[in-house]
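Enquirer: Take this sequence and fold it.
(one chain, ligands or ions: 1)
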Amino acid sequence: MTRPVLELKELNKSFGALHVTKNVSLAVNPGECHAVIGPNGAGKTTLIGQICGALPSSSGDVVFDGENVNGLSVANRALRGLGRSFQITAILPAFSVLENVALGVQAKAGHSYRFFKPAARDRDLNAKAEHCLDLVGLSGRAGVRAGDLSHGEKRVLELAIALAGEPKLLLLDEPMAGAGPDETARLVEVLSDLKRQTPMLLVEHDMDAVFKLADRISVLVYGEIIASGSVEEIRGNPAVREAYLGTEEGV
Ligand SMILES: Nc1ncnc2c1ncn2[C@@H]1O[C@H](COP(=O)(O)OP(=O)(O)OP(=O)(O)O)[C@@H](O)[C@H]1O
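Expert: Numbers count the residues shown, from 1 in each chain. You can find the predicted model right below:
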């Protein structure tokens, strides 16, 4: 049997008396996109924080690539290949698209920012950055100032920067937020291609995008997973419809 890339075991998080995530267990397997959906305030962002290490869990385990990473910082989890994209990536607008990704490659290699300029000329660094741009279909924009990209292109660039860290898993925190229909369609296409080589845990409010991308969906309501299954299973689950999807058109 294939070993999951990420396993959450009975994760809990309380803020004082507020019990936000409750015994959350799920797994992300190689080659798959596992989506976590749920209404506002269900605890999705908290869960992402627990997985990436920004929020210490009250109890439970995060097992990544076969290793319990509970005691590791965000940076150490990232170094092991737990890549988080969207909402935290800072694009440097005055630098080119390629330079932005080269910076990500350099960070992975462990150099500090002050070595950026000379190292950016390094052929190997640029080749790796170009490869990441290729993966997301942004090669044609390599020389453009990042600040001049459209909103959707910036989101794709953030993805390329995340890939520069050679993640074993991508944590995607609302990648479609703020994107228009065309940009969303493009992101869905890019992510569909990517998930085979880089599995992903996706938190997303756009149900159409989730249904297109996800191989499995877990539904979080009041911090608890009330259902987990394939797109068809989740769409057809009466408890899910009542608790959440019933409010969505066309589900
Ligand atoms: N640092 C904190 N201190 C106290 N309460 C918090 C903290 N962070 C989150 N909460 C509470 O935990 C609950 C879940 O919040 P969270 O942001 O994780 O939900 P969410 O599912 O991501 O919501 P949304 O879809 O709106 O982003 C909310 O009631 C929120 O007020």
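
Enquirer: pLDDT below threshold where in the stretch 101-250 of the chain?
Expert: 110-121, 244-250 (pLDDT under 70).

Enquirer: so where do the strands sit in it?
Expert: Remark: strands assigned in the stretch 101-250 of the chain by DSSP state E, counting those that start in this stretch are 169-173, 200-203, 216-221, 224-229.

Enquirer: Any chance of CSV for the ones you listed, columns distance to residue 81 and mean neighbour count?
Expert: Quick note: C-beta positions are derived from backbone N, CA and C, even for glycine. Below are the strands of the stretch 101-250 of the chain laid out as CSV (distance: least, CB to CB, whole Å; neighbours: other CB atoms under 10 Å):
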stretch, distance to residue 81, mean neighbour count
strand 169-173, 7, 24
strand 200-203, 13, 24
strand 216-221, 21, 23
strand 224-229, 24, 17
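
Enquirer: Columns distance to the ligand on top of those strands, output as CSV?
Expert: Listed next are the strands of the stretch 101-250 of the chain as CSV, based on distance: least, CB to the nearest ligand atom, whole Å:
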stretch, distance to the ligand
strand 169-173, 9
strand 200-203, 7
strand 216-221, 7
strand 224-229, 12
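
Enquirer: Let's have the ones you listed in JSON lines, adding distance to residue 33.
Expert: Converted to JSON lines, the strands of the stretch 101-250 of the chain look like this (distance: least, CB to CB, whole Å):
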{"stretch": "strand 169-173", "distance to residue 33": "9"}
{"stretch": "strand 200-203", "distance to residue 33": "5"}
{"stretch": "strand 216-221", "distance to residue 33": "8"}
{"stretch": "strand 224-229", "distance to residue 33": "14"}
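
Enquirer: Minimum distance to residue 93: which of those has it?
Expert: Residue 93 lies closest, by CB to CB, to one member of the strands of the stretch 101-250 of the chain: strand 169-173, at 21.2 Å.

Enquirer: Can you name the residues bridging to the most centrally placed residue in the chain?
Expert: With distances taken as CA atoms, centre = their mean, the residue of the chain nearest its centroid is residue 172 (1.8 Å). Residue 172 has these beta-bridge partners by DSSP bridges: residue 85, residue 202.
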